[in-house]
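Chemist: missing the sequence, but the structure's below:
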């Protein structure tokens, strides 16, 4: 009888070890470099709300480049057909040892695997998916648009003078 208990305990321990090693094997190892690339927002939820604000008419894109360059844009469909890329921000990012910053602000990035991460900003919780087949032309356009979101002061002055001012008689 004592021998049966020992065998049963041993079998349970082996089963537990097998299950835990299977779970560990399923969770992919990630490195800091896995963040480099193009990411599309899959889910954007606010604390206390059930709504997911991402859909066919609104999304966001983040681009992380190996040189530390970072761009984020909102993408919206207008009138069911036209699309707009709205620059949100452009700057630099760091991601080392699980610590993340973007545009000088501390943030949260939790790599779930090589193609998914979760982020949080204040009371907003995001889930992002890595995209590897986006054409470079589109990625470069998004980055360039974000880079130029804040026009230099001379462009602001010229715009006000030649486009938005009242014509002189």
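Modeler: Structure received. Note that this is a predicted model, so its numbers are computed, not measured. Numbering: from 1, shown residues only.
Chemist: could you pull out the strands in this structure for me?
Modeler: 37-46, 58-64, 69-78, 82-96, 99-102, 105-113, 116-121, 124-131 (DSSP state E).
Chemist: helices or strands up against the longest one?
Modeler: Spelled out, it's strand 82-96. Counting contacts by 3 or more Cβ pairs under 8 Å, 6 or more residues apart in numbering; DSSP states H and E, strand 82-96 packs against strand 58-64, strand 69-78, strand 99-102, helix 136-147. Where you see a C-beta, it was placed from the backbone N, CA and C, and this is true even at glycine.
Chemist: tell me which of the ones you listed sits nearest to residue 47.
Modeler: Residue 47 lies closest to strand 58-64 among those, at 18.4 Å (Cβ to Cβ).
Chemist: tell me what that closest one is packed against?
Modeler: Strand 58-64 is packed against strand 37-46, strand 69-78, strand 82-96, helix 136-147, with contacts defined by 3+ Cβ pairs under 8 Å, 6+ apart.
Chemist: residue 53 is nearest to which of those?
Modeler: Nearest of these to residue 53, taken as Cβ to Cβ: strand 37-46 at 4.6 Å.
Chemist: that closest one packs against which elements?
Modeler: Checked by 3+ Cβ pairs under 8 Å, 6+ apart, strand 37-46 has strand 58-64, strand 124-131 packed alongside it.
Chemist: just these: most buried one?
Modeler: Ranked by mean neighbour count, the helices and strands packed on strand 37-46 are led by strand 58-64 with a mean of 20 (mean count of other Cβ atoms under 10 Å).
Chemist: so for it, mean pLDDT?
Modeler: Average pLDDT, strand 58-64: 97.
Chemist: how about the helices and strands packed on strand 82-96, which one is nearest residue 37?
Modeler: Short answer: strand 58-64, nearest of those by Cβ to Cβ, at 6.3 Å.
Chemist: sorry, back to before: comparing the strands of the chain, which comes out most buried?
Modeler: The highest average neighbour count among the strands of the chain, using mean count of other Cβ under 10 Å, belongs to strand 58-64 at a mean of 20.
Chemist: how far off strand 116-121 does it point, in degrees?
Modeler: If you take axes from the mean of the first three to the mean of the last three Cα atoms, to 10 degrees, strand 58-64 sits at 100 degrees to strand 116-121.
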